[in-house]
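Chemist: this one's sequence-less:
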């Protein structure tokens, strides 16, 4: 099962950055409530609607095709594999009362898609990059 999960992750991550030779392993698997929000919408965020807690421009990242999410239970920059979503990078935080959830960032004009996504219980894998350069050949 672990071998199959690694293959699935490698395939999913190949879409994250095809130019980089990076391998990730799942260090933890859990079921979390997953929701979606619209980055850039002043009604759904604070007074800097495109700037995430990692001080990155989430709106720009989404326009570039990156998958971004918010979560409080892992460090900023962590990669998560979320069923039905794929691999996202944690670049934002959520309100403290939602500390165990994952919130998927969507573009400001994807309000309908965020509503359709709704609130789901999904499998979430916490990923950690494997240092392939330190291995002896």
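Modeler: Okay, I see it. This structure is a prediction, so every number in the text was calculated from the model and none was measured.
Chemist: where's the most centrally placed residue in the chain relative to residue 42, distance?
Modeler: Central residue of the chain (Cα atoms, centre = their mean): residue 88, 2.4 Å from the mean position. Distance of residue 88 to residue 42, computed by Cβ to Cβ, to the nearest Å: 22 Å. In short, each C-beta sits where N, CA and C put it, glycine included.
Chemist: what do you get for residue 130?
Modeler: The value you get for residue 130 to residue 42, if Cβ to Cβ is used, is 40 Å.
Chemist: surely the residue nearest to the centre of the chain meets residue 80?
Modeler: Yes - contact between residue 88 and residue 80 holds when scored by Cβ atoms under 8 Å: they sit 5.6 Å apart.
Chemist: Touching both of these two, which residues are there?
Modeler: 69, 102 (Cβ atoms under 8 Å, 6 or more residues apart in numbering).
Chemist: quick one: what helix or strand has residue 114 in it?
Modeler: helix 111-117 (DSSP states H and E).
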